[in-house]
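Undergrad: Kindly generate the corresponding structure for this input.
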Amino acid sequence: MLTVRKAEARGHANHGWLDTYHTFSFADYYDAREMGYGPLRVINDDVVAPGQGFGTHGHRDMEIITYVLEGALEHKDSMGNGSIIRPGDVQRMSAGTGVRHSEFNPSREERVHLLQIWIEPKFTGIRPSYEEAQFGAAEKKGQLRLIASPDGRDGSVTIHQDARVYASLLDRDDAVTHAVAPGRRAYVHVARGTVKVNGTPLKGGDGVKAENISTIELAGGNDAEVLLFDLP
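TA: Presented below is the predicted three-dimensional model:
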């Protein structure tokens, strides 16, 4: 069964410096029907104005994945990590027993557009850790590129949950399929562009929950960038 979550149904807040959409309940947005999907707890679609960002704040017991679509994001944390990530980069921070970090747009002219994803870990109280990986457009064009997994397979970042995250870039002639094992589920998030999921047209910001289904097909894309979550 496929259940579509339309972009316009998401929670939305515009703080001036931050324009954000929440797929699932987050901050001041609450919907008892949208508290996450399996261990997938947050997909925030954020646009941060030039020179602005999130001041130092804390997290615990969460796998936090940052995926940049446009611009650049500067990260600093209490573990001593500091870097600037750009499109193609994937950042994973395991908050574990506790970590503090900040995220800023270092540009004075360009916005940064990113997805911040939270996945609940399989175990709490783990040691905080940080990791980055880079996946060029050629690795994602017309295929599903594994970007996060529990075992770091194929150069993906390692998350502490039995979940796998794939990224894909799809145009009109591209088509990819993903087999969903019995007892598992999937979530597809369209970051931008348009694409059909098992024949259902979706646009940027849309998502779809997939349960009791063995195959997901992504086809008919138009400048589409898509994330697929394979979940317990």
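Undergrad: quick one, phi psi at the residue nearest the centre of the chain?
TA: Most central in the chain under C-alpha atoms, centre = their mean is Ile117, positioned 4.3 Å from the mean C-alpha point. With angles defined as degrees, to the nearest 10, Ile117 sits at phi -120, psi 130.
Undergrad: Quick check: it vs Arg100, distance?
TA: Ile117 is 19 Å from Arg100, where distance means C-beta to C-beta, to the nearest Å. The way it works is simple: take the backbone N, C-alpha and C, and place the C-beta from them, glycine included.
Undergrad: same deal with Asp223?
TA: Counting by C-beta to C-beta, the gap from Asp223 to Arg100 is 37 Å.
Undergrad: pLDDT weak spots in this structure?
TA: Scanning the chain for pLDDT under 70 picks out no residues.
Undergrad: And the helices in this structure?
TA: Along the chain, counting by DSSP state H, helices occupy 137-140.
Undergrad: Was I right to think Gly55 contacts Ser102?
TA: Yes - at 5.7 Å, Gly55 and Ser102 qualify as touching, with contact defined as C-beta atoms under 8 Å.
Undergrad: These two: who's more crowded?
TA: More crowded of Gly55 and Ser102, by other C-beta atoms under 10 Å: Ser102, with 15 against 8.
Undergrad: count of neighbours near the residue lying closest to that one once chain neighbours are set aside?
TA: Nearest residue to Ser102, sequence neighbours excluded (C-beta to C-beta, 6 or more residues apart in numbering): Thr56, at 4.5 Å. Other residues within reach of Thr56, judged by other C-beta under 10 Å, total 11.
Undergrad: Now for Thr56: which residues touch it?
TA: Thr56 makes contacts with 76, 100-102, as judged by C-beta atoms under 8 Å, 6 or more residues apart in numbering.
Undergrad: got those residues as CSV, with distance to Thr124 columns?
TA: Formatted as CSV, the contacts of Thr56 follow (distance: C-beta to C-beta, whole Å):
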residue, distance to Thr124
Lys76, 25
Arg100, 18
His101, 19
Ser102, 24
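Undergrad: which of the residues you listed count as buried?
TA: When the contacts of Thr56 are checked for burial by 16 or more other C-beta atoms under 10 Å, the buried set is His101.
Undergrad: List the buried residues for the longest strand along the chain?
TA: If you go by DSSP state E, the chain has its longest strand at strand 215-231. Residues 216, 218-221, 224-231 are the ones in strand 215-231 that count as buried (16+ other C-beta under 10 Å).
Undergrad: Taking those together, which two end up most distant?
TA: Across the buried residues of strand 215-231, the longest distance by C-beta to C-beta is 24.4 Å; it joins Gly220 and Leu231.
Undergrad: The nearest residue to the residue nearest to the centre of the chain once chain neighbours are set aside bridge partners, please.
TA: Distances taken as C-beta to C-beta, 6+ apart put Ile65 closest to Ile117, at 4.2 Å, once the chain neighbours are dropped. The partner list for Ile65 in beta bridges (DSSP bridges) reads Arg92, Ile117.
Undergrad: Am I right that Ile65 is in contact with Gln116?
TA: Yes - between Ile65 and Gln116 there is a contact at 7.5 Å, judged by C-beta under 8 Å.
Undergrad: show me what contacts Ala49?
TA: The contact partners of Ala49, taken as C-beta under 8 Å, 6+ apart, are 16-18, 105, 111.
Undergrad: what do you get if the cut-off is 7 Å, keeping everything else the same?
TA: Listed by C-beta atoms under 7 Å, 6 or more residues apart in numbering, the contact set of Ala49 reads 17, 105, 111.
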